[in-house]
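Participant: No letters, just coordinates:
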C-alpha cells in the first residue's frame, strides 16, 4: 500500500490563502433585499442574481403586490392574477401566456428551496410595477405607482443592466 505524499508547505499556504479569501467573501456578502414602495418584503428565500439579472421569489412578491397565485401540481403550471392581468408559466420554460397571449420570457423560472424564482423583468411585464436592482446596495426596489404593462413586447428585449 502506497503512503500518501506529505503536503508541501507551499501547497498548504496556497490552500490556506484561498480558504481565507473565500471566507472573507462569504462573511461580507449579503443577499439582496426586496422593498415594495419602500416597505421591506420578508421571504424565506432571498432574491438571486445571476447572468446580469435579478430573480425574485414569486409567491412572496405576488403576495406583497396583492396578486393571487396558484400552482397546479399535475401540470406543473403556475398562475398569477393581478387585477385584469393573468400570467401562466411553468418551471424551466421560457414561454408563458399573459392575458391569453404567448410571450417569451428573458429567463426560464427555476426553483430554490421549493420556491419559484422569476426574473424581475417578468414581474415588471406581467404585474406592472417598475423593478430595479441596485447592486451596490444589494437591493431590489419595486415601485407600484405610475407603471404600465407592456404586454405586446418581448421581455427579453429590455436593456436594464443588473
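Facilitator: Yep, it's here. All values derive from a computational prediction rather than experimental measurement.

Participant: And the strands in this structure?
Facilitator: 33-36, 39-41, 48-50, 53-57, 68-72, 77-82, 85-90, 95-98, 101-104, 110-112, 115-119, 130-134, 139-143 (DSSP state E).

Participant: Residue 17: which of those strands is closest?
Facilitator: strand 48-50 (26.6 Å; CB to CB). Backbone N, C-alpha and C define where each C-beta goes, glycine included.

Participant: What is that closest one packed up against?
Facilitator: strand 53-57 (3 or more CB pairs under 8 Å, 6 or more residues apart in numbering; DSSP states H and E).

Participant: Partner strands of the strand it packs on, with direction?
Facilitator: Take DSSP bridges as the rule and strand 53-57 pairs in its sheet with strand 48-50 (antiparallel), strand 115-119 (antiparallel).

Participant: Buried deepest among the strands of the chain, which one?
Facilitator: Among the strands of the chain, strand 53-57 has the highest mean neighbour count (mean count of other CB atoms under 10 Å), at a mean of 24.

Participant: And that strand, how far out from the chain middle?
Facilitator: 1 Å (CA atoms, centre = their mean, to the nearest Å).

Participant: between it and strand 139-143, how big is the angle?
Facilitator: 70 degrees (axes from the mean of the first three to the mean of the last three CA atoms, to 10 degrees).

Participant: need the strands paired with strand 53-57 in CSV with mean pLDDT, can you?
Facilitator: Below are these laid out as CSV (pLDDT from 0 to 100):
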stretch, mean pLDDT
strand 48-50, 80
strand 115-119, 91
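
Participant: is it possible to export those strands to JSON lines including distance to residue 75?
Facilitator: Shown next, in JSON lines, are these (distance: least, CB to CB, whole Å):
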{"stretch": "strand 48-50", "distance to residue 75": "25"}
{"stretch": "strand 115-119", "distance to residue 75": "14"}
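
Participant: so which of those comes closest to residue 135?
Facilitator: Nearest of the strands paired with strand 53-57 (CB to CB): strand 48-50, 7.4 Å.
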